[in-house]
Every structure is written in C-alpha cells, then in structure tokens.
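*Asks:* sharing a model prediction with you, sequence too.
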Amino acid sequence: MELSVSQHGDVCVVGVRGSVDGSTAMQLQDTVAAQLTGSAARMVVDCAELEYTSSAGLRALLAGVKECRRQGGDLRLAAVSGGVRRVLDLSGFTGILRIYPDVDAAVSSYAS
C-alpha cells in the first residue's frame, strides 16, 4: 500500500494505492490521525487506486471518521471502485461514510 497526502484548500486528501489489510491498516489509520493534528478535520480518502480492503481497513476508516467527527469535521470517500464498494455495501459502511464519484466532488461537498 502507498499513501499520499495533499491539501485542497482546507480539506486534506489522503490517496490510497494498493490494498489495505491487516498488515497495512495501521499505517492508514496513523496517517489519517497525523493529518488531524491542528486541522479543521475535513478529510477525503481518495480510493481511485484502492484495489482491496479487508475488515482491518474498514476499522481504520471507521476510526478516522469517528475522530474527524469528534473534532467537528468529517471523513468522506472519493472514487470508490466496484470491489471496494461491494465490501462497503456488505459491511454497512455506506450508511456511515459519505461517498462521492471523485475527489473534486468530495472536496466541494464541504462547501455546502
């Protein structure tokens, strides 16, 4: 798994490439947590290149969204592919996380 971090105005975008599983989920969780320090807690996870997530990856996302919301922000997903989307659907995460077709739409959603 590879992670990238960028700022789009006051929104932090974390790009995920590859697979999130038991051996990489903590890296994702730590990266999200590190970006929240002193920020507005507005975050987007770009899933355009995310090929797979296990339950450990779901737990990392859940921890991230909880912390963002605790700080008055939110964590939103962008560009979720078919296989990952199915995992989110089956686990009930589509009722917890807001999902957008691309990063621009997810970032723009904070303006409304």
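*Replies:* Yep, it's here.
*Asks:* find the centremost residue of this protein, please.
*Replies:* The residue lying closest to the centre of the chain (CA atoms, centre = their mean) is Val45, at 3.1 Å.
*Asks:* and the pLDDT at that one?
*Replies:* On pLDDT, Val45 comes in at 98.
*Asks:* need the three-state assignment for it.
*Replies:* strand (DSSP: H, G, I helix; E, B strand; the rest coil).
*Asks:* pLDDT below threshold where in the protein?
*Replies:* 38-39, 112 (pLDDT under 70).
*Asks:* how about the strands in it?
*Replies:* Assigned by DSSP state E, the chain shows strands spanning 2-8, 11-20, 42-53, 74-78, 98-100.
*Asks:* coming back round to it: who does the residue nearest to the centre of the chain form a beta bridge with?
*Replies:* Val14, Leu77 (DSSP bridges).
*Asks:* sorry, back to before: let's have the strands of the chain in JSON lines, adding distance to Ala106.
*Replies:* All C-beta atoms are positioned from the backbone trio N, CA, C, and that covers glycine. Shown next, in JSON lines, are the strands of the chain (distance: least, CB to CB, whole Å):
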{"stretch": "strand 2-8", "distance to Ala106": "9"}
{"stretch": "strand 11-20", "distance to Ala106": "8"}
{"stretch": "strand 42-53", "distance to Ala106": "4"}
{"stretch": "strand 74-78", "distance to Ala106": "4"}
{"stretch": "strand 98-100", "distance to Ala106": "4"}
